[in-house]
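Visitor: generate a structure from the sequence data that follows.
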Amino acid sequence: MEEETAEFLCKASTLVPAAVLRCHYLSKCRSMKENNVVNLPSTLFRTSTTCKFCNNVFATGNCSAVLLPKKNPGKKMKKIIRKNEQSPALLNTFEKKLLDKCKKAKDNKLVVRCLLCRKVTPFPLKKPVKLTSEIEKLDEIYTPETSKKKKKKNKKDIYAGLNKSLVPVSTPRHNSVSSSKSQKCNDSVLLTPLSTPKQEKSKSAISLSKTYSPFLANKSFSDSKNQNMSNKSKQNTGLDITPKLTVREQIKNAKLQIKKNEIQRKSMEANSAKKAKKCNSLKKILDNITSTPSPKPSLKAFLASLR
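Guide: This is a model prediction of the structure:
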């Protein structure tokens, strides 16, 4: 008889629309199962599908779910973990309990709140283990450590994109000149007698003028060009280019300028006040004149004045 009532209650819980009645029927069935009176399928009372407090079925509209991330261990917890790694025998009972809690709270949690009884049931969610493919493992085993490729240094172009055949004509070659000089000096030491310092200076000047003649010509041309450009800029601006002032001098000049501006402002204010006073005095005089009208003479007085 009890089995029939249990089956009837289970079927009624699926058909009844009200959530409170459904929970009441399921709680009765659960109590009968716990007392080992009836053998009912365990799928009806799973903690993942029903609330363990009121037996409400978790469905849309009956519950709300929130995903909580795992908590990172604090400073004290990290200290305990380090202590456990070094020597686990030194841990207290309290520290061991904290370690167990930390190990359990490694994964994320799905917290489901029942909207009937307003109670919470947490579900631990284990993260899936990342599976490394066999190809990656083989690559890690068999790939030798290759040396890093050296970066190519960008060498500067000496000719700067010009024709190589024309560049040596205009530019001197210092190395060749120095080598030819050394050879000539050696020859002069062996063959020619000693010469005076004046003669040596004149000779060196002549030789240098011969070797560096194109270079010097280009240099003189560039110098003259720069001078002309500077003269033109001076003529256009009408001012000579002066060196930049130091910071202290700039500050001093700024302070002087501020003082001058203040003096000018005060003088302007004084002048404006004087002008205002004059204008006010003139207005008062004019008002007095207009307010006192001149008395008109009568006919008798006018005739008397004519006689």
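Visitor: check what pLDDT L194 gets.
Guide: Looking at L194, its pLDDT is 46.
Visitor: low-confidence stretches in this structure?
Guide: Low-confidence segments of the chain, defined by pLDDT under 70: 1-4, 11, 15, 34-44, 132-150, 167-245, 290-297, 306-307.
Visitor: now the element after the lengthiest helix in it, going C-ward?
Guide: Secondary structure of the chain read by DSSP state H shows that its longest helix is helix 247-291. Sequence-wise, the next helix or strand downstream of helix 247-291 (DSSP states H and E) is helix 299-306.
Visitor: what does the helix or strand containing V111 rub up against?
Guide: Per DSSP H and E, V111 falls inside strand 108-114. Applying CB atoms under 8 Å, 6 or more residues apart in numbering, the set of residues contacting strand 108-114 from outside is 51, 53-54, 56, 58, 62-70, 119-125, 127. Quick note: C-beta positions are derived from backbone N, CA and C, even for glycine.
Visitor: now do the buried residues in it.
Guide: By 16 or more other CB atoms under 10 Å, the buried positions in strand 108-114 come out as V112, C114.
Visitor: listing partners with orientation, what would you give for it?
Guide: Sheet pairing for strand 108-114, assigned by DSSP bridges, gives strand 63-68 (antiparallel), strand 120-125 (antiparallel).
Visitor: looking at those strands, spot the one closest to V16.
Guide: strand 63-68 (18.2 Å; CB to CB).
Visitor: and that closest one, C-alpha only, in PDB?
Guide: Provided in PDB are the C-alpha atoms of strand 63-68 (Å, rounded to 0.1, in the frame of the first residue of the first chain):
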ATOM      1  CA  CYS A  63      16.200  28.900  -9.200                       C
ATOM      2  CA  SER A  64      19.100  31.300 -10.000                       C
ATOM      3  CA  ALA A  65      22.700  30.300 -10.700                       C
ATOM      4  CA  VAL A  66      26.000  32.200 -10.200                       C
ATOM      5  CA  LEU A  67      29.500  31.100 -11.100                       C
ATOM      6  CA  LEU A  68      32.100  32.000  -8.500                       C
END
